[in-house]
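K.L.:
Sequence and predicted structure are below.
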Amino acid sequence: MFNKILIANRGEIACRVAATARRLGVRTVAVYSDADAHAAHVAACDQAVHIGAAAPRDSYLRIERILDAARQTGAQAIHPGYGFLSENEDFAQACADAGIVFIGPPASAIAAMGSKSAAKSLMEKARVPLVPGYHGQDNDPALLAREAARIGYPVLIKASAGGGGKGMRRVDRPDDFAAALAACQREAKASFGDDHVLVERYVTRPRHIEIQVFADTHGHAVYLFERDCSVQRRHQKVLEEAPAPGLSAQRRAEMGAAAVAAAQAVGYVGAGTVEFIAEPHENDLRFYFMEMNTRLQVEHPVTEAITGLDLVEWQLRVAAGEPLPMQQHELAIGGHAIEARICAENPDAGFLPATGTLRTLRWPAHVAFRRNADAVVQHDPAAVRIDAGVREGDPITPHYDSMIAKLICWGTTREQALARLDAALADTHIVGPHTNAAFLRRVVSSRAFAQADLDTALIERERAVLLDQPPLPLEVAAAGVVAHALADERALEGADPWSRRDGFRLHGGARRHFHLLRGAEEHAVALSRLHDGALRLQIGDANWPFSVRSQGERHDVTLGERRLPLSVYAHGEQVAVFAPDGRADVREVDDIAHAGDSASGTGQLTAPMPGKLVAYMAKPGDKVARGQALAVIEAMKMEHTIHAPRDGVVRECLYAPGDQVGEGSELLRLQE
């Protein structure tokens with residue numbers, strides 16, 4: 001085993017690798033950019049080396065700087081994590097040339113599988129089923145358009161290099177093909193340095209099922225069963241689970257054998273994932289090879305949960321030259337596990353990535369999965385796991401992926417795992433940037449997901465029940481604000497606030513006023529203490545008996561006939577109220593005479609997040625129609641299009657392509 005390794009990544013995967021290394025007695029070296037000087041992964045490692053500016057191209061993608069850091073610190077091996085350089089054959093080769101072990105496959109295997117088109121050609125020769133499509137090297141736009149017409153719409157354009165949904169578009173009509181192709185190629189070039197794409201038939205009810213494979217340097221290879229990753233938005237995974245619901249044992253064995261054969265065909269070593277598109281066929285699933293990810297996957301914890309194994313430990317042992325710890329016949333599935341990716345994004349605004357400081361970060365109680373010495377899977381009855389690379393007070397910046405953490409729940413059955421995940425999401429409280437935590441709860445409790453009616457369009461198909469849902473009722477939000485205020489005053493005064501002598505007590509009783517702003521609406525709330533000491537909460541003409549017992553951030557509120565266990569977090573005037581049924585965000589204002597500012601009708605178009613202006617789609621003087629694409633910005637490795645809010649004429653473009661823009665920056669102006 002190694003004495004010291006360098007982790008060439010950041011965030012939760014760097015923390016994850018460091019945790020296993022620490023358990024094995026292996027010392028770790030972190031690398032960090034300007035933006036990550038105080039990040040959690042830096043604190044998690046024994047040493048840390050600064051490698052450059054915040055932008056990945058100036059730090060985490062600089063091969064020579066990472067190798068220099070390994071040399072300086074005496075690291076014997078480099079773990080690439082996922083993303084960044086994890087599937088970069090030049091990096092793997094550079095490590096080998098420098099005499100440093102790359103904890104992953106050889107460069108030749110990355111080269112063979114790193115290109116989607118080359119991998120599909122290889123699989124075609126091995127007689128692995130492929131989705132009909134064009135996988136050639138000629139990327140002339142006219143040729144690709146002809147191939148799309150031959151395949152038949154809808155088609156899927158995909159970046160040949162990389163993954164994560166970047167450089168990928170569904171196209172339903174020939175008229176949209178050219179614009180979608182240009183966008184895919186720009187995004188692929190920015191993310192992977194390669195704008196080559198392939199075109200395939202779009203499978204209309206596809207399931208995304210992947211097989212975890214492992215191979216060593218002694219000629220052994222196994223598969224550690226499958227994961228269903230069908231629930232996606234923007235071709236990026238949202239929920240992953242293992243094993244895949246409805247997959248027969250026979251089909252599982254067939255897919256596993258095909259995945260192992262694919263790995264052995266390229267001399268694979270280490271952890272890898274062979275991904276398949278599957279569709280219903282004769283009471284089972286028919287599968288097609290899609291691609292191979294030559295690295296550890298984000299969703300590897302669900303495989304660890306059902307097998308009781310530590311895949312990072314396997315990676316380290318294999319890279320150190322040891323044989324695989326187990327053979328195929330020793331591997332077994334135990335229970336069911338589901339992972340939810342908690343991200344800084346706004347689902348109700350098209351899943352736009354969000355930035356900001358994590359002012360509050362509260363996780364549910366969790367217990368890690370474990371395995372005993374006899375390789376029998378042992379699970380805690382409250383098996384909840386959290387993989388996070390951030391702490392309370394950390395910033396979510398526009399420079400990196402928007403994922404905050406992964407929440408993994410295991411159960412003896414899928415139903416139990418689902419119930420645990422719902423409860424764990426309810427106990428996950430994050431205040432600061434927008435997150436998808438509430439959205440994830442709605443997905444988990446939706447009819448389609450609960451009944452395993454899965455395909456990659458589930459979110460779009462169920463958007464009516466998943467998106468734009470109302471917040472908590474106003475009276476619940478108000479009860480939370482009042483409960484927090486009373487507890488805060490008791491803490492400051494050290495006595496019952498009703499005994500204060502500052503004018504709060506009125507003749508015959510006491511009354512406290514609160515003015516709450518929720519969205520654009522302002523509400524007057526009053527809390528009264530009656531002669532007998534009873535409290536009543538009033539909003540407009542409605543009022544309820546009110547009582548509260550508080551302990552820290554948690555408040556046990558009784559509102560009329562309802563008992564409400566609430567958690568409340570206040571940051572200045574902003575108050576977040578969490579209840580079992582959801583969340584409400586309000587502002588407690590001092591003056592009810594706020595005049596609402598409205599920018600409607602000004603023709604102003606602004607950036608929804610910090611990023612880089614990629615291109616304008618119109619120039620000054622152009623007439624544009626409502627909904628027409630006007631500008632493209634790039635943020636968190638994804639492109640986002642700004643559309644015209646109304647008909648008009650472009651008066652002025654305020655930036656140049658390539659400029660960095662801040663959230664809320666006015667990009668261009670329209671006139672009637």
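P.N.:
Structure's in. What do you need? Residues are numbered from 1 along each chain as shown.

K.L.:
Spit out the contact partners of the nearest residue to residue 149 once chain neighbours are set aside.
P.N.:
Leaving aside its sequence neighbours, residue 149 sits nearest to residue 174 (CB to CB, 6 or more residues apart in numbering; 6.5 Å). Quick note: C-beta positions are derived from backbone N, CA and C, even for glycine. Applying CB atoms under 8 Å, 6 or more residues apart in numbering, we find residue 174 in contact with 145, 148-149, 153.

K.L.:
How much space separates residue 174 from residue 420?
P.N.:
In this view, residue 174 and residue 420 are 47 Å apart by CB to CB, to the nearest Å.

K.L.:
which residues in the stretch 351-500 of the chain form strands?
P.N.:
Applying DSSP state E, counting those that start in this stretch to the stretch 351-500 of the chain gives strands spanning 352-353, 356-357, 360-362, 370-371, 377-378, 384-388, 395-396, 403-411, 429-431.

K.L.:
Adding distance to residue 50, write those strands out as a markdown table.
P.N.:
Putting the strands of the stretch 351-500 of the chain into a markdown table (distance: least, CB to CB, whole Å) gives the following:
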| stretch | distance to residue 50 |
| --- | --- |
| strand 352-353 | 25 |
| strand 356-357 | 22 |
| strand 360-362 | 26 |
| strand 370-371 | 36 |
| strand 377-378 | 41 |
| strand 384-388 | 23 |
| strand 395-396 | 18 |
| strand 403-411 | 23 |
| strand 429-431 | 29 |
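
K.L.:
most packed of those?
P.N.:
strand 403-411 (a mean of 26; mean count of other CB atoms under 10 Å).

K.L.:
Note down every partner strand of that strand and its orientation.
P.N.:
Strand 403-411 pairs in its sheet with strand 336-343 (antiparallel), strand 384-388 (antiparallel), by DSSP bridges.

K.L.:
Quickly, which of the ones you listed bottoms out on average pLDDT?
P.N.:
Mean pLDDT is lowest for strand 384-388 out of the strands paired with strand 403-411, coming in at a mean of 94.

K.L.:
Determine how far that strand lies from the middle of the whole chain.
P.N.:
13 Å (CA atoms, centre = their mean, to the nearest Å).

K.L.:
What does the pLDDT read for the residue nearest to residue 149?
P.N.:
96.

K.L.:
Next: the one 3 residues further on.
P.N.:
The predicted local confidence for residue 177 comes out at a pLDDT of 97.

K.L.:
Residue 39 too?
P.N.:
Note on residue 39: pLDDT of 96.

K.L.:
Could you dump the strands paired with strand 403-411 into CSV and include distance to residue 122?
P.N.:
As requested, these are exported to CSV (distance: least, CB to CB, whole Å):
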stretch, distance to residue 122
strand 336-343, 30
strand 384-388, 33
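
K.L.:
what's the neighbour count on residue 250?
P.N.:
9 (other CB atoms under 10 Å).

K.L.:
tell me the phi and psi of the residue nearest to it when sequence neighbours are not counted?
P.N.:
Excluding the flanking residues, the one nearest residue 250 by CB to CB, 6+ apart is residue 284, at 7.7 Å. Backbone geometry at residue 284, expressed as degrees, to the nearest 10, gives phi -150, psi -160.

K.L.:
how many other residues sit next to residue 66?
P.N.:
Residue 66: 29 surrounding residues under other CB under 10 Å.

K.L.:
Name the residues of the strand or helix carrying it that are buried.
P.N.:
According to DSSP states H and E, residue 66 maps onto helix 63-73. Burial within helix 63-73, assessed by neighbour count using 16 or more other CB atoms under 10 Å, is assigned to 63, 65-67, 69-70, 73.

K.L.:
Same question for stretch 23-32.
P.N.:
For stretch 23-32, the neighbour count (16+ other CB under 10 Å) marks 26-32 as buried.

K.L.:
Next, the distance between the ends of it.
P.N.:
Stretch 23-32 has an end-to-end distance of 23 Å (CA to CA, to the nearest Å).

K.L.:
again with stretch 212-224
P.N.:
End-to-end span of stretch 212-224 (CA to CA): 5 Å.

K.L.:
Please work out which residues outside it touch it.
P.N.:
211, 225-227, 256-257, 259-260, 262-264, 268-274, 297, 300, 303, 307, 309, 311, 314, 318, 321-324, 326-328, 331.

K.L.:
Filter the residues you listed down to just the buried residues.
P.N.:
Among the contacts of stretch 212-224, those classed as buried by neighbour count (16+ other CB under 10 Å) are 211, 225-227, 256, 259-260, 262-263, 268-274, 297, 300, 303, 307, 309, 311, 314, 318, 324, 326, 331.

K.L.:
For residue 483, which non-adjacent residue is spatially closest?
P.N.:
Of all residues not flanking residue 483 in the chain, residue 555 sits nearest, at 3.9 Å (CB to CB, 6+ apart).
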